[in-house]
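> When you get a sec, could you give me coordinates for this:
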Amino acid sequence: WATYMREAAEHDGQILDKYKSDMDIVLIFAGLFCAVTTSFIINMQQHLAPDPTTETNMLLKKLIHTVDNSTFPGDDFVMPPWTGPSSTEIWVQSLIYASLSASLLAALGAMLGKQWLNHFQQFGHGTVDGRGRQRQRKLDALNAWHFNAVLEGLP
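From the prediction side, this is the model:
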């Protein structure tokens with residue numbers, strides 16, 4: 001069992017280093033991408049509502065005209081109708097929200113992967129053969145859940 005545990009520790013060390021570094025890269029990229037996407041969302045949010053300055057200007061004109069009827073003669077104080085955002089803006093907003101959601105989902109997957117690896121790394125106490133069997137069960141479970149394919153599927 002001592003030889004098995006030594007070989008397993010070397011094998012596990014390589015796997016853990018590779019997967020943890022891959023997930024760190026995904027987390028860093030997802031964090032940066034979320035920050036950039038959020039700034040675009042904040043910038044584009046103002047296009048989804050009518051311009052408040054137009055309404056304010058119209059109300060001020062109406063107030064001034066009420067006080068002095070000679071000001072703005074012949075002006076019609078009807079608010080121009082707001083037609084809403086264009087279909088292009090709606091599509092762009094939808095794609096940005098979808099990309100933000102995908103990035104957050106990738107970050108969640110990377111965090112779950114890191115937790116799985118931390119659980120895999122802990123063997124507990126007991127005899128050498130008991131720890132060896134526990135390690136092999138965990139490795140078999142990672143393979144059964146296609147852990148490698150899940151991590152490779154993260155963007």
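> can I assume Glu55 is in contact with Met79?
Yes: Glu55 is in contact with Met79 according to C-beta atoms under 8 Å; the separation is 6.4 Å. Quick note: C-beta positions are derived from backbone N, CA and C, even for glycine.
> Specify the local secondary structure of the residue of the chain most remote from its centre.
Residue farthest from the centre of the chain, counting by C-alpha atoms, centre = their mean, is Ser70 at 57.2 Å. With DSSP: H, G, I helix; E, B strand; the rest coil as the basis, Ser70 sits in coil.
> same check, this time on the one 10 residues further on
Of the three states, Pro80 takes coil according to three-state DSSP.
> Now do the same contact list for it.
Residues in contact with Pro80, defined by C-beta atoms under 8 Å, 6 or more residues apart in numbering, are Thr54.
> Just want the most central residue of this structure.
When C-alpha atoms, centre = their mean is applied to the chain, the residue found nearest the centroid is Leu104 (2.1 Å).
> Point out where the chain drops to low pLDDT.
The model of the chain has pLDDT under 70 over residues 1, 155.
> which secondary structure elements does the helix or strand hosting Met111 contact?
According to DSSP states H and E, Met111 maps onto helix 87-121. Counting contacts by 3 or more C-beta pairs under 8 Å, 6 or more residues apart in numbering; DSSP states H and E, helix 87-121 is packed against helix 2-44, helix 128-144, helix 147-153.
> Nearest to Phe120, out of those?
Among the helices and strands packed on helix 87-121, helix 128-144 comes nearest to Phe120, with 5.0 Å by C-beta to C-beta.
> quick one: that closest one to helix 87-121, angle?
160 degrees (axes from the mean of the first three to the mean of the last three C-alpha atoms, to 10 degrees).
> quick one, helix 128-144 and helix 2-44 angle?
When the same axes, to 10 degrees is applied, the directions of helix 128-144 and helix 2-44 differ by 40 degrees.
> Helix 128-144 - contacts with which helices or strands?
Counting contacts by 3+ C-beta pairs under 8 Å, 6+ apart, helix 128-144 packs against helix 2-44, helix 87-121.
> I'd like to know which of those helices is closest to Gln136.
helix 2-44 (8.0 Å).
> And the helices and strands packed on helix 87-121: which comes nearest Thr88?
Nearest to Thr88 among the helices and strands packed on helix 87-121 is helix 2-44 (11.2 Å), distances taken as C-beta to C-beta.
> Which neighbouring elements make contact with the closest one?
Helix 2-44 packs on helix 87-121, helix 128-144, helix 147-153, going by 3+ C-beta pairs under 8 Å, 6+ apart.
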